[in-house]
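Chemist: Got a predicted model here, sequence first, then my questions.
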Amino acid sequence: MADSKEMEVTLPDGRKAKAREVQVDQANERWSEYTLANGIAFRAKLNIIGIWAVEGETDAQGKPLLFINGSPAIAVTSVGGKAAEEG
């Protein structure tokens, strides 16, 4: 395993903490599909760029606190119904 990167993060309460990058072993970034009332259909997903585990911190359920850097991807797949009529 390669050396993980470290960075300082600001927690929601304003405190600073050290976080260590966590490598992704496996990913399956599926699309979610939506159809709007006006006939527009699109797909969306979040592409994960990086994940950092905050050292010594957990969430309300006791799970490790993670900072996730991601980029949304959205693709319109069809325009029908009212949206097509409106041009």
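Modeler: Happy to help now that I have it. Residues are numbered from 1 along each chain as shown.

Chemist: Need the three-state assignment for I68.
Modeler: strand (DSSP: H, G, I helix; E, B strand; the rest coil).

Chemist: Can you tell me the closest non-neighbouring residue to it?
Modeler: Distance criterion C-beta to C-beta, 6 or more residues apart in numbering; nearest residue to I68, sequence neighbours excluded, is I51 at 5.4 Å. Glycine gets a C-beta too; all of them are placed from N, C-alpha and C.

Chemist: That neighbour contacts V24, correct?
Modeler: Yes. I51 lies in contact with V24 (C-beta atoms under 8 Å); the separation is 6.8 Å.

Chemist: the more surrounded of those two?
Modeler: Using other C-beta atoms under 10 Å, the more surrounded residue of I51 and V24 is I51, with 16 against 8.

Chemist: ok, that one - contacts?
Modeler: Contacts for I51 (C-beta atoms under 8 Å, 6 or more residues apart in numbering) come out as 21-22, 24, 66-69.

Chemist: same thing but at 10 Å, please
Modeler: 19-24, 66-70 (C-beta atoms under 10 Å, 6 or more residues apart in numbering).

Chemist: Compute the distance between it and L66, please.
Modeler: From I51 over to L66 the distance is 6 Å, taken as C-beta to C-beta, to the nearest Å.

Chemist: okay, and the common contacts of those two?
Modeler: 19, 22.

Chemist: ok, which stretches of the protein are helices?
Modeler: 81-86 (DSSP state H).

Chemist: What segments of it are strands?
Modeler: Ranges of strands in the chain, per DSSP state E, are 6-10, 16-21, 32-35, 40-58, 64-79.
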